[in-house]
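Asks: Give the three-dimensional model of this entry:
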Amino acid sequence: MLDSLTFLLEKLFLLANFHVFKVSWSSDERAPKTAAPTAPPLKRGDLLEVQRTLFVHFGIYLGDNRVAHLMPDIMPVLTNDMKLITTVVTNKRLILGCIYRNASVRIDSVEDFAYGANILVNDMDRRVKAPAMTNEDVARRAEKLIGAFPYSLLWNNCEHFVTYCRYGTPTSQQTEKFCNYLKMAIRDQRSVLLTVLLGMMSIVCFGLAPSTTLPTILVPFTLWMAG
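Replies: Below is the predicted model of the structure:
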């Protein structure tokens, strides 16, 4: 039951951010912009963040133009060809990797990590109360985690990875923000009316049966009680 709820919440998280798609799938498959992303001088252990299609993506700079980051990717599921797996992860591969929950901590160049976006450096330091570790300790933590890694869009994502490396505790402000929006939607009594209407429509379309009647009663009642 808990796994099913987590699966549903992760898909809601993807849908909640779906409006930021501004390019077609075909443009996703092109290589990132060749122009170097703008960023201040980088030091080993810096926390980097860039805007990807659905959300902000995070990584730890290791030096020598290398970034360690927890990256969802469908390609390792489809092939064992390392040449294909190690190419830059496109947005389509990233999203399918999120859905399939397949990810690893991998090393990419700064350019491939940024995927054409501008890079923010250590911007999270001002948003997190915990003090940052020394840059060398941050980098060493990231290097120890390189390889296959358990992944969850909500509970164990790239932000959890970098906050663990830099601050010692895995957290995700993106997850917290989504959960707050979800709480607001549940507490909004209009959600009850919406679920009642959807339930009535399902009864009209599919007939009176336990599979349509029970959700029509239980879901609005649960939202009403939670609100």
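Asks: correct me, but Val138 touches Ala132?
Replies: Yes - counting by Cβ atoms under 8 Å, Val138 touches Ala132, with 7.2 Å between them. To be clear about C-beta, it is placed using only N, CA and C from the backbone, and glycine gets the same treatment.
Asks: quick one, phi psi at the residue nearest the centre of the chain?
Replies: The residue lying closest to the centre of the chain (Cα atoms, centre = their mean) is Leu153, at 4.7 Å. Backbone torsions of Leu153, given as degrees, to the nearest 10, read phi -60, psi -30.
Asks: where does it sit relative to Thr195, distance-wise?
Replies: In this structure, Leu153 and Thr195 are 24 Å apart, going by Cβ to Cβ, to the nearest Å.
Asks: Also His69?
Replies: Per Cβ to Cβ, His69 is found 38 Å from Thr195.
Asks: and the two? which has more neighbours close in?
Replies: The residue with more neighbours, out of His69 and Thr195, is His69; 25 against 19, by other Cβ atoms under 10 Å.
Asks: give me the element that one is part of.
Replies: strand 66-72 (DSSP states H and E).
Asks: What are the contacting residues of the helix or strand just after that strand?
Replies: The helix or strand immediately downstream of strand 66-72 is helix 75-78, counting by DSSP H and E. Contacts with helix 75-78, where a contact means Cβ atoms under 8 Å, 6 or more residues apart in numbering, come from Leu84, Ile85, Val89, Arg93, Gly97, Tyr100, Asn102, Ser104.
Asks: What's the ChimeraX syntax to select whichever of the residues you listed are buried?
Replies: Buried residues within these, by 16 or more other Cβ atoms under 10 Å, are selected in ChimeraX with:
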select :85,89,93,97,102,104
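Asks: Sort out which one of the contacts of helix 75-78 lies nearest Leu42 for me.
Replies: Nearest to Leu42 among these: Val89, at 20.3 Å, using Cβ to Cβ.
Asks: is it true that that closest one touches Met71?
Replies: Yes - counting by Cβ under 8 Å, Val89 touches Met71, with 5.5 Å between them.
Asks: Check the contact lists of the two and give me the overlap.
Replies: Contacts common to Val89 and Met71, judged by Cβ under 8 Å, 6+ apart, are Gly97, Asp108.
Asks: coming back round to it: any common contacting residues for Val138 and Ala132?
Replies: Common contacts of Val138 and Ala132 (Cβ under 8 Å, 6+ apart): Leu47, Arg166.
Asks: Same drill for these two, tell me which one is more crowded.
Replies: Legend: neighbour count by other Cβ under 10 Å for Val138 and Ala132, higher for Val138 (24 against 19).
Asks: Show the contacting residues for that one.
Replies: Applying Cβ under 8 Å, 6+ apart, the residues near Val138 are Gly45, Leu47, Ile60, Ala132, Cys165, Arg166.
Asks: wait, Leu42 sits on Ser109?
Replies: No - assessed by Cβ under 8 Å, Leu42 is found out of contact with Ser109, at 11.9 Å.
Asks: between the two, who's got more neighbours?
Replies: The neighbour comparison of Leu42 against Ser109 (other Cβ under 10 Å) goes to Leu42, with 17 against 12.
Asks: Can you give me the separation between that one and Ala117?
Replies: 15 Å.
Asks: And Ala209, by the same measure?
Replies: Distance from Ala209 to Ala117, by Cβ to Cβ: 49 Å.
Asks: Show me which of the two is the more surrounded one.
Replies: Neighbours were counted for Ala209 and for Ala117 using other Cβ under 10 Å; Ala117 has more, 17 against 10.
Asks: helix, strand or coil for the more buried one?
Replies: The three-state label for Ala117, taken from DSSP: H, G, I helix; E, B strand; the rest coil, comes out as coil.
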